[in-house]
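# Here is a sequence with its predicted model. Questions after.
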Amino acid sequence: MPWPFSESIKKRACRYLLQRYLGHFLQEKLSLEQLSLDLYQGTGSLAQVPLDKWCLNEILESADAPLEVTEGFIQSISLSVPWGSLLQDNCALEVKGLELVFRPRPRLATGSEPMYWSSFMTSSMQLAKECLSQKLTDEQGEGSQPFEGLEKFAETIETGLALLSIFKNFRFYLVASLV
């Protein structure tokens, strides 16, 4: 049984709902050309979606992330809803071509750094020392030498740890937003 509304009305209604609930993540308002729908089959997709870096950066800043987004884009988002077996089968959401460009967030010069910086710095500094002493031990036998740039190495490790934490939190946020 086909839906009793025209394709144009269905698309406009879906665009309105997407814009209302996800619009703050989008750089610009969705166009009807970006949206493809077959409500009867339970499928829909969005194409060429530029993301709002300001909104993404607010989320990262609230998580005290050491990174900020400079660009964000999604090639396509597809959704499949199994109307006939909604209680037995899962809905499927597929994101293709997600591109996020990050850069380190400028640190405050006030000396008051967020708590994670000190905890990561301690652990990353220790990791850097252990890694370098192991490398030097492997190459030269016992003993280790001071390594210039140890702090930079530790910062690289801490950025990696923070990035892992961000993706874990972003995944939780995304799942929570969809529920």
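Arrived safely.
# Can you spell out which residues form a bridge with L79?
G44, L93 (DSSP bridges).
# Now do it against Q88, distance only.
Applying CB to CB, to the nearest Å, the value for L79 to Q88 is 18 Å. C-beta: built from backbone N, CA, C; applies to glycine.
# So between these two, which is more surrounded?
Ranked by neighbour count (other CB atoms under 10 Å), L79 and Q88 place L79 first, with 15 against 7.
# D38 versus that one, what's the distance?
11 Å.
# Which neighbours do the two have in common?
G44 (CB atoms under 8 Å, 6 or more residues apart in numbering).
# Low-confidence ranges, this structure, go.
Applying pLDDT under 70 to the chain flags the ranges 1-5, 107-125, 127-128, 132, 134-179.
# could you pull out the helices for it?
7-22, 53-62, 115-140, 150-178 (DSSP state H).
# Buried residues, the first one. List them.
The neighbour-count check on helix 7-22 (16 or more other CB atoms under 10 Å) flags K10, K11, C14, R15, L18 as buried.
# What lies in contact with it?
Helix 7-22 is contacted from outside by W3, F5, L26, K29, L30, L32, L35, L37, L39, G44, L46, using CB under 8 Å, 6+ apart.
# what do you get if the cut-off is 10 Å, keeping everything else the same?
The contact list for helix 7-22 (CB atoms under 10 Å, 6 or more residues apart in numbering) reads 3, 5-6, 23, 26, 29-40, 44, 46, 49, 77, 79, 177-178.
# Now that we have the residues you listed, which of them are buried?
Buried, going by 16+ other CB under 10 Å: G23, L26, L30, Q34, L35, L37, L39, G44, L46, V49, I77, out of the contacts of helix 7-22.
# Could you pull up the residues touching the fourth one?
Same thing as Q34. K11, R15, L18, L26, E28, S45, L46, A47, Q48, V49, S76, I77.
# Roughly how far does S31 sit from A47?
10 Å.
# and the buried residues of helix 7-22 as CSV, adding distance to E130?
As requested, the buried residues of helix 7-22 are arranged in CSV below (distance: CB to CB, whole Å):
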residue, distance to E130
K10, 59
K11, 57
C14, 54
R15, 54
L18, 49
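# Pick out the most distant pair among the residues you listed.
K10 and L18 (12.5 Å; CB to CB).
# does C91 really touch G42, like I thought?
Yes: judged on CB atoms under 10 Å, C91 makes contact with G42 at a distance of 8.4 Å.
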